[in-house]
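Chemist: no sequence on this one, just coordinates:
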């Protein structure tokens, strides 16, 4: 397989990868009936942000320093998603006695707490986040999100930093 010369084309592939990831997340939620936990929702937010950055890069088709800005934005969005998915996978693999207790629902927390406190509580995870409700090849969904973000984010950084 030959790599396209155009940065725009590869940014488009990155955008489509993010669309595919979100498509599977929605399929898992609405068809497989797997309700997302708060950490899953944060991971979705990171994937959506990454997709928006790729789409902006496609539409903008930046040159020189603009490509570096997009590389930084791709890195930031991918790193954010990787930190949440990595923590989520870690929580799923804790011994049962070390799993945090279940907390309030995300909707309730958003209505009653400041956003910074909600994010802190969600990032800590709870008992719902520790449940493995889907796996493929022995890896849970957060592990696959982590892998996808490493691949798509790494490719996006490389693509936007490379010389045309």
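Modeler: Structure received. All of these numbers come straight from a predicted model, not from anything done at the bench.
Chemist: Helices along the chain, start to end?
Modeler: 7-30, 38-60, 65-92, 106-112, 115-124, 127-130, 141-161 (DSSP state H).
Chemist: Adding mean neighbour count as columns, could you present these in TSV?
Modeler: Quick note: C-beta positions are derived from backbone N, CA and C, even for glycine. Converted to TSV, those look like this (neighbours: other C-beta atoms under 10 Å):
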stretch	mean neighbour count
helix 7-30	17
helix 38-60	21
helix 65-92	19
helix 106-112	13
helix 115-124	14
helix 127-130	20
helix 141-161	21
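Chemist: how about the nearest residue to residue 148, chain neighbours excluded?
Modeler: residue 21 (5.8 Å; C-beta to C-beta, 6 or more residues apart in numbering).
Chemist: how far away is that neighbour from residue 28?
Modeler: Distance check for residue 21 against residue 28: by C-beta to C-beta, to the nearest Å, it reads 11 Å.
Chemist: what ranges of the protein fall below the confidence cut-off?
Modeler: 1-5, 98-110, 118-130, 164 (pLDDT under 70).
Chemist: Surely residue 57 and residue 9 touch.
Modeler: No. Using C-beta atoms under 8 Å, residue 57 is not in contact with residue 9; the gap is 10.9 Å.
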